[in-house]
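A.B. asks: mind folding the following:
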Amino acid sequence: MTTVVVAAVIVGPGGRVLAAQRAEPPALAGGWEFPGGKVDPGESELDALVRECREELGVEIVVGARVGGDWPLSEGYVLRVWLARVSAGVPEAKEHLALRWLAPGEYYDVAWLGADLPVMQAVENLLRQD
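C.D. replies: Numbering: from 1, shown residues only. Below is the predicted model:
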């Protein structure tokens, strides 16, 4: 059985993208990712995305277009990603070491985790088209 992990690429004014620095597990700590998490049993993917952003960042989001298909993670896990924007609140690092808004030209100034790097590349191409 495949476990679905959802992530939000939160886009702010000027094409800025929110990156979150992992606090755990030790193997991933310090790496940068898009916020999100596992879908709970009986929960829709979009509900999980909204819940995770509320829990991890303290914000409400509006979910936009999906980014790509299933992005492979470790064995038995896939990542599904959506563009989003903050509709209420200011993101704060509740479960991460740090948050950082990355402007165009800064998208690769952080050490993205292996699964998130190709997502950032796809998002960069999408934002260029806008």
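A.B. asks: I figured residue 79 was touching residue 67, is that so?
C.D. replies: No - the criterion here is CB atoms under 8 Å, and residue 79 misses it with residue 67 at 9.8 Å. C-beta: built from backbone N, CA, C; applies to glycine.
A.B. asks: quick check: neighbours shared by these two?
C.D. replies: Common neighbours of residue 79 and residue 67, counting by CB atoms under 8 Å, 6 or more residues apart in numbering, are residue 119.
A.B. asks: report how many residues lie close to residue 108.
C.D. replies: 12 (other CB atoms under 10 Å).
A.B. asks: was I right about it contacting residue 116?
C.D. replies: No - counting by CB under 8 Å, residue 108 does not reach residue 116; the two are 11.3 Å apart.
A.B. asks: got the contact list for residue 52?
C.D. replies: Residue 52 touches 6, 8, 35-37, counting by CB under 8 Å, 6+ apart.
A.B. asks: excluding its backbone neighbours, what's nearest the spatially most central residue of the chain?
C.D. replies: Nearest residue to the geometric centre of the chain (CA atoms, centre = their mean): residue 34, 2.3 Å. In this structure, residue 34 finds its nearest non-sequential neighbour in residue 7, 4.1 Å apart by CB to CB, 6 or more residues apart in numbering.
A.B. asks: and the contacts of residue 52 as TSV, adding distance to residue 50?
C.D. replies: Formatted as TSV, those follow (distance: CB to CB, whole Å):
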residue	distance to residue 50
6	9
8	9
35	11
36	10
37	11
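A.B. asks: what's the closest of those to residue 94?
C.D. replies: residue 35 (9.9 Å; CB to CB).
A.B. asks: where does the prediction get shaky in the protein?
C.D. replies: By pLDDT under 70, the weakly predicted segments of the chain are 130.
A.B. asks: just to revisit the earlier point, the residue nearest to the centre of the chain and residue 3, how far apart?
C.D. replies: Between residue 34 and residue 3 the distance is 17 Å, computed by CB to CB, to the nearest Å.
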